[in-house]
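Asker: I'd like to go over a predicted model; first the sequence, then the structure.
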Amino acid sequence: MFVRRGPTVHTKERGSTRVHSLNNVNRVLQVLHQNNVDLVNIGGTDIVDGNHKLTLGLIWSIILHWQVKDIMKDVMSSLQQTNSEKTLLSWVRNCTRGRSDVNVLNFTTSWTDGLAFNAILHRFRPHAFRWDQIVTLSSVERLEHAFNFAKDELNIEKLLDPEDVAVQLPDKKSILMYVTSLFAVLPNEVTMDDIREVETLPRKYKVDDGHPVSTQ
């Protein structure tokens, strides 16, 4: 396995035993960890034993990690930031600033009602639709509006189904992928003040976990 722009994996151990396989897989996982890839609670034994669900989750994390990093590399370089998720959240909060009915704290529960997606789009296309009409819609209708608008106006593919987002805990990776697509085509200035705001969010919200967790 080759990890872009990161440490290389040493030559694999030769042999076909389980021990050799585990050692080789663990080396790869160590390199991914050093590159801050979310390992989705997977270990070497999961891959060697053929846990398809966890293995697919890891592959998805690798794809997502490098796509986000590639799209955001210019902004992150100017800010000397290495945490792409934190930078993306800073951009989202900056886009939705001033909306009392939108408070994005993560990439799961903050998106279920559809307001955040529409708020980002309305920030850059304020005359394209009326906000007072958006707030009267149901969560699914808001999500449908946002995804249709982004497809028609920004040529962003509908990577999400409204019914999959309007749930108690939507899939974080899917939300990240879609928001990254918005980031790629919309003005994406992020300042250090935006970053600091995210870093000072209430401690009961663990941003990197993807959903609010009370520490009380």
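Answerer: Cool, got the structure. Numbers count the residues shown, from 1 in each chain.

Asker: below-threshold pLDDT in this structure: ranges please.
Answerer: In the predicted model of the chain, residues 1-16, 71-82, 203-216 satisfy pLDDT under 70.

Asker: how is it partitioned into domains?
Answerer: 1-73, 83-209 (automatic domain parsing).

Asker: center of the chain - which residue?
Answerer: Central residue of the chain (C-alpha atoms, centre = their mean): Leu176, 2.4 Å from the mean position.

Asker: quick one: contacts for Ala116?
Answerer: The contact partners of Ala116, taken as C-beta atoms under 8 Å, 6 or more residues apart in numbering, are 92, 96, 102, 104, 110. All C-beta spots, glycine's among them, are computed from the backbone N, C-alpha and C.

Asker: got it, and Lys173?
Answerer: Contact analysis of Lys173 by C-beta under 8 Å, 6+ apart lists 60-61, 64.

Asker: show me where this protein has helices.
Answerer: With DSSP state H as the criterion, the chain has helices at 18-34, 44-48, 52-79, 84-95, 115-124, 131-134, 139-154, 162-165, 172-185, 192-199.

Asker: circling back: can you tell me which of the contacts of Lys173 is closest to Asp164?
Answerer: Checking the contacts of Lys173 against Asp164 with C-beta to C-beta, the nearest one is Trp60 at 14.8 Å.

Asker: if I pick the closest one, what's in contact with it?
Answerer: Contacts of Trp60 were listed using C-beta under 8 Å, 6+ apart, and they are Lys173.

Asker: including distance to Phe183, could the contacts of Lys173 go into a markdown table?
Answerer: Below are the contacts of Lys173 laid out as a markdown table (distance: C-beta to C-beta, whole Å):
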| residue | distance to Phe183 |
| --- | --- |
| Trp60 | 19 |
| Ser61 | 18 |
| Leu64 | 13 |
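
Asker: mean neighbour count, the domains of the chain: which tops it?
Answerer: With neighbours defined as mean count of other C-beta atoms under 10 Å, the domains of the chain peak in mean count at domain 83-209, which reaches a mean of 17.

Asker: for Asn83, what are its contacts?
Answerer: So Asn83 contacts Asn36 (C-beta under 8 Å, 6+ apart).

Asker: cool, and Val102?
Answerer: 96, 115-116, 119.

Asker: among those, which two are most distant?
Answerer: Across these, no pair lies farther apart than Thr96 and Leu115, at 8.4 Å, counting by C-beta to C-beta.

Asker: any figure for the gap between the residue nearest to the centre of the chain and Asp193?
Answerer: Leu176 is 23 Å from Asp193, where distance means C-beta to C-beta, to the nearest Å.

Asker: try His65
Answerer: 26 Å.

Asker: could you do Ile120 as well?
Answerer: 19 Å.

Asker: leaving out chain neighbours, which residue sits closest to Leu22?
Answerer: Spatial nearest neighbour of Leu22, chain neighbours left out: Gly44 (4.8 Å); criterion: C-beta to C-beta, 6 or more residues apart in numbering.

Asker: and that neighbour, how far is that from Thr17?
Answerer: 14 Å.

Asker: please apply the same query to Arg27.
Answerer: 15 Å.

Asker: same deal with Ala150?
Answerer: In terms of C-beta to C-beta, Ala150 sits 50 Å off from Thr17.

Asker: equivalent analysis for Thr45, please.
Answerer: When Thr45 is compared with Thr17 (using C-beta to C-beta), they lie 14 Å apart.
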